[in-house]
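Participant: From the sequence below, what's the structure:
(one chain, ligands or ions: 1)
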Amino acid sequence: MKIIFRFHKHNRYSLIPLIAAIHDKFPSIEMAFVGSLNEIMNISPPAVVAYSFMSFDVDWVSQEVNILKKKGYALIAGGPHATAKPEDVIRMGFDHVFKGDGEENILLFLKGERSTVFDGLVKRINIDEYPPFCSDLDLFMPIEITRGCPFGCAYCEVSLIGGKKPRHRSVESIVHHCKSGINKSRYIARFITPNAFGYGSDGMKVNVEAIDNLLYNLKKVGMKEIYFGSFPSDVRPEFVTDEVLKTIKKYVNNRYIILGAQSGSDRVLRLIKRFHTVEHVVRSAEIVLNNGFVPRVDIIFGFPFENEDDLAKTFDLIKKLVKMGCKIHAHTFMPLPGTELESSGHAVLPEWVRRELSRFAQEGNLDGYWEKQLFLSKYLSEL
Ligand code: SF4
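Facilitator: Residues are numbered from 1 along each chain as shown. The predicted structure is shown next:
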């Protein structure tokens, strides 16, 4: 069987673990990695084409599926949209859909199992049993150290896709795979996790010892640069303590710590089920600054229930944080399928809010894709 993986800018981190699992368990399977429809069609059927896509990719994926179906390719899909809306994805023309964890189920598929929906939400994997990337094929990505999040924030898909029980990759596994990267001159470690300072715990508290053990061992095997609590992951504000920052400071190269604040209104924080307060955000920013890092604070605008008073409170928080020395990373709310706020409507940002965001950006204190997300928010609400 030939399997063609359709890469695009949003799915690299979803496809590489699947490719790594296949290469690890069935090294003789013929795989191709392509970045366009034309490249797929350069490979003649019979072949399986594998997609992983977000809900805002539905239009272009549908167009490709219509063409490939007529040419006789078999089509499979996983990723966030397939997990949240498996029936819709079957209606788009896919033959098989993979929900949630895909590693074990894609191996079952390759062994000949033919369910319409492979359910990786019910049957969760032990992430230690699968490689996080594929050194042999030079397919690298930040290492996923934790899958799943207990918080289930109302706008976020992570607890649906990865489950509410955090599953941590062991230090032994992380070190083992990082060593294989180092053998290929990959000396920079970045991590994928819903909350970096939750590593090694039940997800509800900090386990400083586990974090220290992880970072110590990565340094010991020769990792030259380590970025922890920064891109592409973040940190919940109430997990920030003096002790954890002093611990990571011994090992890491990041200047920024990314804090998930999301709003300056406690009312909004309650409605989106963040389970922390604005006070936690301010306190965590102080601790981060006192330890010589710069807080980069995520804020989401445009929740459908956000009123003028909430927005004013959020800008008060932003002004306070900027004055302290923080940078702001602004997002616009998107009603993602499978989340509690899926049907709550799209974001609308009043003119004065857009002006303020642009002003903070011009002053060099704010960045983010909030303008693009404003369009995506509307697109998702119309799906
Ligand atoms: S926003 Fe962060 S803390 Fe909330 S559910 Fe998503 S990953 Fe977990």
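Participant: Check what pLDDT His10 gets.
Facilitator: On the pLDDT scale, His10 is placed at 88.
Participant: Domain-wise, how is the chain divided?
Facilitator: Split into domains by automatic domain parsing, the chain comes to 2-120, 135-381.
Participant: mind listing the helices in the stretch 101-250 of the chain by residue range?
Facilitator: Using DSSP state H, counting those that start in this stretch, the helices of the stretch 101-250 of the chain run over 103-110, 158-162, 171-182, 208-220, 242-249.
Participant: Indicate which one of the ones you listed is closest to the ligand.
Facilitator: helix 158-162 (3.8 Å; CB to the nearest ligand atom). The way it works is simple: take the backbone N, C-alpha and C, and place the C-beta from them, glycine included.
Participant: hey, C-alpha coordinates of that closest one in PDB?
Facilitator: Output of helix 158-162 as PDB, limited to C-alpha atoms (Å, rounded to 0.1, in the frame of the first residue of the first chain):
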ATOM      1  CA  VAL A 158      -7.300  20.600  23.400                       C
ATOM      2  CA  SER A 159      -9.300  18.700  26.100                       C
ATOM      3  CA  LEU A 160     -11.500  17.200  23.400                       C
ATOM      4  CA  ILE A 161      -8.700  16.100  21.100                       C
ATOM      5  CA  GLY A 162      -6.200  15.000  23.700                       C
END
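Participant: returning to that earlier point: output the domains of the chain in JSON lines, with mean neighbour count and distance to Glu129 appended to each entry.
Facilitator: JSON lines is the format used below for the domains of the chain (neighbours: other CB atoms under 10 Å; distance: least, CB to CB, whole Å):
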{"stretch": "domain 2-120", "mean neighbour count": "18", "distance to Glu129": "8"}
{"stretch": "domain 135-381", "mean neighbour count": "19", "distance to Glu129": "9"}
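Participant: These: which one's closest to Ile127?
Facilitator: Nearest to Ile127, of all the domains of the chain, is domain 135-381, at 5.1 Å by CB to CB.
Participant: and the closest one, how far apart are its ends?
Facilitator: Length of domain 135-381, first residue to last, CA to CA, to the nearest Å: 39 Å.
Participant: what about that domain, distance to the chain center?
Facilitator: Taking the mean of its C-alpha atoms, domain 135-381 sits 10 Å from the chain's own mean (CA atoms, centre = their mean, to the nearest Å).
Participant: Where does Lys323 fall, secondary structure wise?
Facilitator: Using DSSP states H and E, Lys323 sits within helix 308-324.
Participant: of all the domains of the chain, which lies closest to Asn126?
Facilitator: Ranking those by proximity to Asn126 (CB to CB) places domain 135-381 first, at 7.0 Å.
Participant: So which bits of the stretch 1-150 of the chain are right by the ligand?
Facilitator: Cys149 (CB under 6 Å from any ligand atom).
Participant: Mind jotting down where the strands sit in the stretch 1-150 of the chain?
Facilitator: 2-6, 30-34, 48-52, 74-78, 96-100, 117-120, 143-144, 146-147 (DSSP state E, counting those that start in this stretch).
Participant: how about CSV for those strands, with distance to Val268 and mean pLDDT added?
Facilitator: Shown next, in CSV, are these (distance: least, CB to CB, whole Å; pLDDT from 0 to 100):
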stretch, distance to Val268, mean pLDDT
strand 2-6, 38, 97
strand 30-34, 42, 98
strand 48-52, 31, 98
strand 74-78, 32, 98
strand 96-100, 29, 98
strand 117-120, 32, 97
strand 143-144, 30, 98
strand 146-147, 26, 98
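Participant: picking that back up, now mean pLDDT too, for the helices of the stretch 101-250 of the chain, in TSV please.
Facilitator: Shown next, in TSV, are those (pLDDT from 0 to 100):
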stretch	mean pLDDT
helix 103-110	97
helix 158-162	95
helix 171-182	98
helix 208-220	98
helix 242-249	98
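Participant: For the ones you listed, give me TSV that also has distance to Gly120.
Facilitator: Shown next, in TSV, are the helices of the stretch 101-250 of the chain (distance: least, CB to CB, whole Å):
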stretch	distance to Gly120
helix 103-110	5
helix 158-162	9
helix 171-182	19
helix 208-220	26
helix 242-249	32
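Participant: tell me the contacts of the residue of the stretch 1-150 of the chain found nearest the ligand?
Facilitator: The minimum distance from the stretch 1-150 of the chain to the ligand, using CB to the nearest ligand atom, falls at Cys149 (3.2 Å). Taking CB atoms under 8 Å, 6 or more residues apart in numbering as the criterion, Cys149 is in contact with Cys156, Val158, Ser159, Gly162, Lys164, Pro166, Pro194, Asn195, Gly203.
Participant: Around the ligand, which positions in the stretch 201-350 of the chain sit nearby?
Facilitator: Arg236, Gly260.
Participant: For the stretch 201-350 of the chain, which segments count as strands?
Facilitator: 225-226, 256-262, 294-301, 327-332.
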